[in-house]
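Q: need a 3D model of the following:
(2 chains, ligands or ions: 2)
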Amino acid sequence: MTVYRLLLCLRYLQTRYLAFICIVSVMLGVATLIVVNAVMSGFSTKLKDRLHGILSDVIIDTSRIDGFVQYDALGYPLFDPEGRTIPLTPEAMISRIQASPVAGAIEAMTPTIEVFALLRFRLGMEEQTKPVRLIGIDPVGRAAVGGFREYLVRQRGTDKPSFELTPEARQRHEELQRHARLLAPPPPDPAPTISVGGLTIPPPNPQMMTQGMPQPQLHGMIPGYTIAHFRFRDEQGNVSEEPVLKPGDDATVITIGGRDLKPVWGTFIVTDYLKTEMSEYDQTFVFVPLEQLQAIRGMEGRCTALLIKLKNYEADKVRVVEELRRLFCHPEIRVATWEEHQGPLLAAIDIERGILNLLLFMIVGVAGFSILAIFTMIVSEKYRDIGILKALGASHRGVMSIFLGYGLLLGVVGCVLGTLLGLWITANINQIEAWLTQLSGRALFPRDVYYFKEIPTHVEPLAVLLINLGAVITAVVFSLLPAWRAARLHPIQALRFE
Amino acid sequence: MLIAENIYKSYRRHSVTVPVLNGLNLEVKEGEFVSIVGASGSGKSTLLHLLGILDAPDQGRILLDGKRIDNLPQRERDRLRNRTFGYIFQFYHLLPELSALDNVLMPAYIAHSVTAWWRSRQRWRSRAVDLLKKVGLGHRLTHRPRELSGGEMQRAAVARALLMQPRVLLADEPTGNLDVQSGTEIIRLLRELNRQEGITIVMVTHNLEIVAATDRVLRMSQGVLREEVFPYPYSPLPRCLTPAPSAQLT
Ligand SMILES: Nc1ncnc2c1ncn2[C@@H]1O[C@H](COP(=O)(O)OP(=O)(O)O)[C@@H](O)[C@H]1O
Ligand SMILES: [Mg+2]
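A: Ligands and ions are numbered 1, 2, ... in the order given. Modelled structure (predicted):
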């Protein structure tokens, strides 16, 4: 490195205002990439948290409708004399795991039953029916494996969440019962008797609809927040929420029995809501007590899934999953980490981010072309100087490296400024968004769409480093051509130029 | 010392070949001050470029101290240009971004790596300052070229050419763009350098007065050099200093 290269690089930087266009374009490219990456990464970490959220670290579940069963040596289910499968009870599973070498890595385990169901409740005069995922849990055990009590609305963060009704809920429930009794059932309409080919079909008895339905018992239920609330835009266009299932209201779940495939139902009273802010969960999950669900479905002593929390997930996941797969080795049983459960979604986030980065890197490409254009201009402007330098003994390589160094310098300065700008915007993105919203009168980040209270950001040092590296390399690559042209310039040609 | 032997040089322009030098011979002795005159476009600049190995002849050889220099590898030619030759151009050719001092130091900047420079920078700086003082620009060290007059720029260019203590100064119409007064000062400077430090000078000029101050005058025509039988009596240097209408030789 000879002195003049350094000197001229710096001098050209100081005296060419055109160079600032290059710097600004590199800066904007880098800043945009950093901000977008930080926001994408913020969204995806937050989303990952939420995706993990309600799932426990490791899940063992079965595809059988009647839950885990015992198998014979050939892998066929064992049956008792009555023709029922013999359950593999949660207690048996837990003790089997606790006897295994991975017992030390496990913090908590809890059995659950998960099944699809219809939730039926009254909304004013109408009946509402919604498809839901019904999950039977032991609330304390479920809380121990994580991702549950922090999402409860009323009992948020309590050590021992329960399905107990609050006194107010109980009072509301009793009042509703009284009202129901007071309201006489509507008189049956005199439906005509239809006769088909001599056979007389009696009119339907309205009471048949409710016959056989057990009277509401005081079993609690925790539905997803969105199931229990109705969202709408009012006249002003603001989003409002109206609870349609208040604590104390009852709702019926209809599902299938675990023994034979016939419909079963049960009625539960809303005691709390689950609000994970993951719309999929909030729209479909309904938690009820495990024993009650077992009773309704005729599945005493059975469960369909065992949720496991590890002491150190990242360190032990592979080992534990391997061991569990060995312990419960049957095609009907699946052992998977939460990541494997959410695999496609997590992959989609990464792909989306990759594509966005690729597109955004084109901004840096544009900056590269502005460097190319501006450098070509500067080189032709500096024709004479290049000739002088060569006459004074500068080498080809020396002249070339002035311009390469200049490109590098522009790239580095642009990157430093861009990184600062990007980090500053990232740090203040919510204020900036608020200010822009105020300015434009339109919400740029409608909170009710994203469920986030503020724009999440997460700056990854590695990503920032790669962005900077990419931008600097782009700057140098795009200054190669003008630099090479400058180096090839014949000194005589340059000196005659006047 | 510096010899051009049977030099041919032509330029091609759109498949038309323009012959410029046709078997030119020149020998410059150590410590000589030679001036070259000739019609514009006759190839004077071309010859200087060849002598200073800024360009290569089509045929013929350039010798320095009996050694051929026109076919040296690129690196060594760069080095010769840096150390052995000093150039002065009609249009000064200073770098506009740099101060007068930095311009004068440029050959040293080119010759030194950053670390080597750091060790010797004081010496070079004081040499450059001395040279600028010598050419009468001691008070203009930090001025940019555009803040200097033509004569001052040319003096800075002379200082730059002298920085590396070259053995040969090649001056292409150094006074071509200057008024008589400034031109005369430059010539006096060159003459002094030649006399006191024995620097060999090859100068292209149009100015009669100036020609009179040199040891030998050669005329370029038809691509060769001939000794000029100078029409006027030899005039000693002091006459140059009196403002006189400068006659143009064509
Ligand atoms: N790069 C070039 N390409 C083509 N022709 C050139 C080039 N350089 C010089 N010439 C031609 O060579 C001739 C000599 O030029 P030059 O040496 O500059 O003359 P002088 O310095 O005596 O005025 C001129 O006719 C000029 O047009
Ligand atoms: Mg000329």
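
Q: mind giving me the domain split of chain A?
A: A:3-47+A:350-494, A:64-178+A:217-331 (automatic domain parsing).

Q: in which helix or strand would I find residue A:253?
A: According to DSSP states H and E, residue A:253 maps onto strand A:250-256.

Q: where along chain A do the strands fall?
A: Assigned by DSSP state E, the strands in chain A fall at A:58-62, A:106-123, A:126-137, A:194-196, A:199-201, A:220-223, A:229-233, A:239-243, A:250-256, A:263-270, A:285-289, A:305-310, A:333-337.

Q: tell me the most buried of those?
A: Among the strands of chain A, ranked by average contacts under mean count of other CB atoms under 10 Å in any protein chain shown, first place goes to strand A:220-223 (a mean of 26). C-beta: built from backbone N, CA, C; applies to glycine.

Q: what does the strand holding residue A:253 contact?
A: Here strand A:250-256 makes contact (CB atoms under 8 Å, 6 or more residues apart in numbering or on different chains) with A:65, A:115-121, A:132, A:134, A:173, A:176, A:213, A:216, A:221, A:223, A:245, A:262-270, A:286, A:288, A:296-297.

Q: for stretch A:35-51, same thing?
A: Stretch A:35-51 is contacted from outside by A:276-278, A:338, A:342, A:345-346, A:349-350, A:352-353, A:356-357, A:360, A:422, A:425-426, A:429, A:452, A:455-460, A:463-464, A:467, using CB under 8 Å, 6+ apart.

Q: now the buried members of those.
A: Using 16 or more other CB atoms under 10 Å in any protein chain shown as the burial test, the contacts of stretch A:35-51 include A:276-278, A:338, A:342, A:346, A:349, A:353, A:357, A:360, A:422, A:425-426, A:429, A:455-460, A:463-464, A:467 as buried.

Q: let me know the average pLDDT across stretch A:80-93.
A: The pLDDT scores in stretch A:80-93 average 85.

Q: again, but for stretch A:359-370
A: 81.

Q: Provide the contact partners of that stretch at residue level.
A: Counting contacts by CB under 8 Å, 6+ apart, the residues touching stretch A:359-370 from outside are A:21-22, A:25-26, A:28-30, A:32-33, A:36, A:414, A:470-471, A:474-475, A:477-478.

Q: quick one, helices of the stretch 301-450 of chain A?
A: Secondary structure of the stretch 301-450 of chain A (DSSP state H, counting those that start in this stretch): helices at A:313-327, A:338-341, A:343-381, A:383-391, A:396-427, A:429-440, A:447-450.

Q: now stretch A:336-347, how far from the centre of its chain.
A: Centre-to-centre, stretch A:336-347 and its host chain are 11 Å apart (CA atoms, centre = their mean, to the nearest Å).

Q: ok and the residue in chain B nearest chain A?
A: Using CB to the nearest CB, the single residue of chain B nearest to chain A is residue B:82, 2.6 Å away.

Q: and that residue, which of the three is it?
A: Here residue B:82 is recorded as helix under DSSP: H, G, I helix; E, B strand; the rest coil.

Q: now for the residue nearest to it when sequence neighbours are not counted: which residues touch it?
A: Using CB to CB, 6 or more residues apart in numbering or on different chains and skipping residues adjacent in sequence, the residue nearest residue B:82 is residue A:393, 2.6 Å away. Residues in contact with residue A:393, defined by CB under 8 Å, 6+ apart, are B:78, B:79, B:80, B:81, B:82, B:83, B:107, B:110, B:111.

Q: likewise for residue A:392?
A: Taking CB under 8 Å, 6+ apart, we find residue A:392 in contact with B:81, B:82, B:87, B:106, B:107, B:110, B:160.

Q: can you check residue A:109 too?
A: The contact partners of residue A:109, by CB under 8 Å, 6+ apart, come to A:94, A:97, A:141, A:145, A:306, A:307, A:308, A:309.

Q: hey, what's the nearest residue to the fifth one once chain neighbours are set aside bridged with?
A: Taking CB to CB, 6+ apart, and ignoring the residues beside it in sequence, residue A:306 has residue A:60 as its nearest neighbour in space, at 4.5 Å. When assigned by DSSP bridges, residue A:60 has beta-bridge partners residue A:306, residue A:335.

Q: and residue A:60, how far is that from residue A:341?
A: Distance from residue A:60 to residue A:341, counting by CB to CB, to the nearest Å: 12 Å.

Q: one more: residue B:22?
A: 90 Å.

Q: near chain B, which residues of the stretch 301-450 of chain A?
A: With CB under 8 Å from any CB of the partner chain as the criterion, the stretch 301-450 of chain A comes near chain B at residues A:384-385, A:387-396, A:398.

Q: mind redoing it with 7 Å?
A: For the stretch 301-450 of chain A, the residues in contact with chain B (CB under 7 Å from any CB of the partner chain) are A:384, A:385, A:388, A:391, A:392, A:393, A:394, A:395.

Q: pull the contacting residues for the last one.
A: With contact taken as CB atoms under 7 Å, 6 or more residues apart in numbering or on different chains, residue A:395 is in contact with B:75, B:78.

Q: could you check the pLDDT of it?
A: At residue A:395, pLDDT is 87.

Q: quick one, phi psi at it?
A: When read as degrees, to the nearest 10, the backbone of residue A:395 gives phi -90, psi 170.

Q: what about residue A:360, distance to ligand 1?
A: Between residue A:360 and ligand 1 the distance is 47 Å, computed by CB to the nearest ligand atom, to the nearest Å.

Q: whoops, I mixed them up, residue B:84
A: For residue B:84, the distance to ligand 1 - CB to the nearest ligand atom - is 22 Å.

Q: where's that residue relative to residue B:158, distance?
A: Counting by CB to CB, the gap from residue B:84 to residue B:158 is 17 Å.

Q: go on, residue A:437?
A: Taken as CB to CB, the span from residue A:437 to residue B:158 is 67 Å.

Q: the more surrounded of the two?
A: Using other CB atoms under 10 Å in any protein chain shown as the criterion, residue A:437 and residue B:158 rank with residue B:158 on top: 25 against 14.

Q: go ahead and confirm the more buried one touches residue B:135.
A: Yes. Taking contacts as CB atoms under 7 Å, residue B:158 lies within contact range of residue B:135: 5.6 Å.

Q: mind listing the shared neighbours of those two?
A: With CB under 7 Å, 6+ apart as the test, residue B:158 and residue B:135 both reach residue B:189.

Q: for residue 54, give me its contacts.
A: Chain wasn't specified; assuming chain A. Counting by CB under 7 Å, 6+ apart, residue A:54 has contacts A:147, A:148, A:151, A:276, A:281.

Q: actually, chain B is the one I wanted.
A: Counting by CB under 7 Å, 6+ apart, residue B:54 touches A:391, A:491, A:492.

Q: can you redo the contacts of residue A:109 as a markdown table with distance to residue B:48?
A: Formatted as a markdown table, these follow (distance: CB to CB, whole Å):
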| residue | distance to residue B:48 |
| --- | --- |
| A:94 | 98 |
| A:97 | 94 |
| A:141 | 97 |
| A:145 | 90 |
| A:306 | 94 |
| A:307 | 91 |
| A:308 | 89 |
| A:309 | 87 |
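
Q: taking these, tell me the two that lie furthest apart.
A: The largest distance within the contacts of residue A:109, taken as CB to CB, falls between A:97 and A:141 and amounts to 14.4 Å.

Q: of the two, who's got more company?
A: residue A:97 (20 against 17).

Q: name the member of the contacts of residue A:393 with the most neighbours.
A: Result: residue B:107 is most packed of the contacts of residue A:393 (other CB under 10 Å), 28 neighbours.

Q: isn't it right up against residue B:82?
A: Yes. Counting by CB under 7 Å, residue B:107 does reach residue B:82; the two are 5.7 Å apart.

Q: identify the contacts common to these two.
A: With CB under 7 Å, 6+ apart as the test, residue B:107 and residue B:82 both reach A:392, A:393, B:164.

Q: relative to ligand 1, which of the residues you listed is nearest.
A: Here the nearest of the shared contacts of residue B:107 and residue B:82 to ligand 1, counting by CB to the nearest ligand atom, is residue A:392; it sits at 19.9 Å.
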